[in-house]
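Trainee: Next input, structure requested:
(one chain, ligands or ions: 1)
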Amino acid sequence: MATESAVLLMAYGTPDRLEDVGDYYTHIRGGRRPAEDAIDNLRARYVAIGGTTPLRAISEAVRDRLREQLAADGLPHDVYVGMRHWHPYIAETMRTMRDAGIRRVTAIALAPHYSRMSIGAYRDAVEAAHAELGRPFEITFVDRWHGEPAFIELMASRVRDALARVPDADRASATVVFSAHSLPIRIREWQDPYEAELLESSAAVAARLGLSDWRFAWQSAGGSREPWIGPDILDYLKTLAGEGVRTVVQVPIGFVSDHLEILYDVDIEAMDAARHLGIRLVRTEMPNASPEFIRVLADAVAHAEAAQVG
Ligand code: FEC
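Mentor: Numbering: from 1, shown residues only. This next block holds a predicted model:
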């Protein structure tokens, strides 16, 4: 029998083809088409990683495995993927869910920490689509899940694996640097919890590993002229080189999938900067569709639904 309960798994969205980069970028900019040279710059970053990112395929693999996990946990749900900035857009997916007879929806983003500019925007997209469809669902919205114990454990094990890839002689002196997408500094004006939540989960992972010295830096700041939160990882690598650091383990704790901000900004740009500074940069593997990450999401869904009922 078909279930009337579903999870709406939300991801950022990625263009399917290089021809779509201009329209995708326009959507990110709220409908304002960027200058052609800005579009060309962005397209060149996709070309550098092979033309497309695996974000959609990973999100779909997560969808299928999460459906199986929730059924195994005795919490059957259908699971759908909706994207913020590309097809299938959140609104398109919610229409499909309505047409499939779904009544209860738990909406969760593939991003662990809350900011009004990230999760708040996913929430706005869900609310706008819901209003447009005539409010057919009972919705539980998961604002954050960075505190899930299974997430902290997963990130700690990813750091352990990365440290195991560092040659024995350098492991003890490796510096662990957590990172996340920068946001404009103006988020501080509205007491946005984003920075505090990122430091909280990073500190929890560091405590789990018994690390006394760990750092935090920002990555992937946008091109707008307003100030963005720093230090940017590219500058911070220079600071670390000045301190004599030779090995850095970067932990992009604000992201969960392989996509442009990982495959280009870390694997190409930061790696290149590190190489020039004589630093060995090792990145932790992303959670992607691993069984440990499916456990995190299944727990987050179960906890959010229990809190809603309770
Ligand atoms: O793989 C892909 O194709 C998509 C990778 C991708 C992810 C992602 C996640 C986050 N973003 C966040 C904030 C902003 C803000 C702006 C902004 C702009 C871009 C641009 C691209 C892009 N983002 Fe993104 N982001 C990804 C890709 N992002 C491409 C446009 C070019 C550029 O600026 O680099 C500025 C918007 C504006 O101009 O008005 C702000 C945050 C996240 C992490 C949470 C999440 O995953 O949803 C926060 C993945």
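
Trainee: And the helices in the protein, which stretches?
Mentor: Taking DSSP state H as the criterion, the chain contains helices spanning 21-28, 36-48, 55-72, 90-99, 119-132, 149-164, 168-171, 194-209, 233-242, 260-263, 271-277, 291-309.

Trainee: Just the buried positions in the third one, please.
Mentor: The one in question is helix 55-72. L55, R56, I58, S59, A61, V62, R63, R65, L66, R67, Q69, L70 (16 or more other Cβ atoms under 10 Å). In short, each C-beta sits where N, CA and C put it, glycine included.

Trainee: Return only those of those residues found close to the ligand.
Mentor: L55 (Cβ under 6 Å from any ligand atom).

Trainee: Just send the buried residues of helix 55-72 back as TSV, with pLDDT too.
Mentor: Output for the buried residues of helix 55-72, formatted as TSV (pLDDT from 0 to 100):
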residue	pLDDT
L55	98
R56	98
I58	98
S59	98
A61	98
V62	98
R63	98
R65	98
L66	98
R67	98
Q69	98
L70	98
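
Trainee: now the buried residues of helix 55-72 as JSON lines including distance to A91?
Mentor: Listed next are the buried residues of helix 55-72 as JSON lines, based on distance: Cβ to Cβ, whole Å:
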{"residue": "L55", "distance to A91": "19"}
{"residue": "R56", "distance to A91": "17"}
{"residue": "I58", "distance to A91": "22"}
{"residue": "S59", "distance to A91": "17"}
{"residue": "A61", "distance to A91": "23"}
{"residue": "V62", "distance to A91": "20"}
{"residue": "R63", "distance to A91": "17"}
{"residue": "R65", "distance to A91": "25"}
{"residue": "L66", "distance to A91": "21"}
{"residue": "R67", "distance to A91": "22"}
{"residue": "Q69", "distance to A91": "27"}
{"residue": "L70", "distance to A91": "24"}
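
Trainee: Tell me the one of the buried residues of helix 55-72 nearest the ligand?
Mentor: For the buried residues of helix 55-72, the residue nearest the ligand by Cβ to the nearest ligand atom is L55; the value is 4.6 Å.

Trainee: Surely the closest one and E261 touch.
Mentor: No: in this structure L55 lies outside contact range of E261 using Cβ atoms under 8 Å: 9.7 Å.

Trainee: Where does the stretch 1-150 of the chain get nearest to the ligand, which residue?
Mentor: Closest contact between the stretch 1-150 of the chain and the ligand, by Cβ to the nearest ligand atom, is at T14 (3.1 Å).
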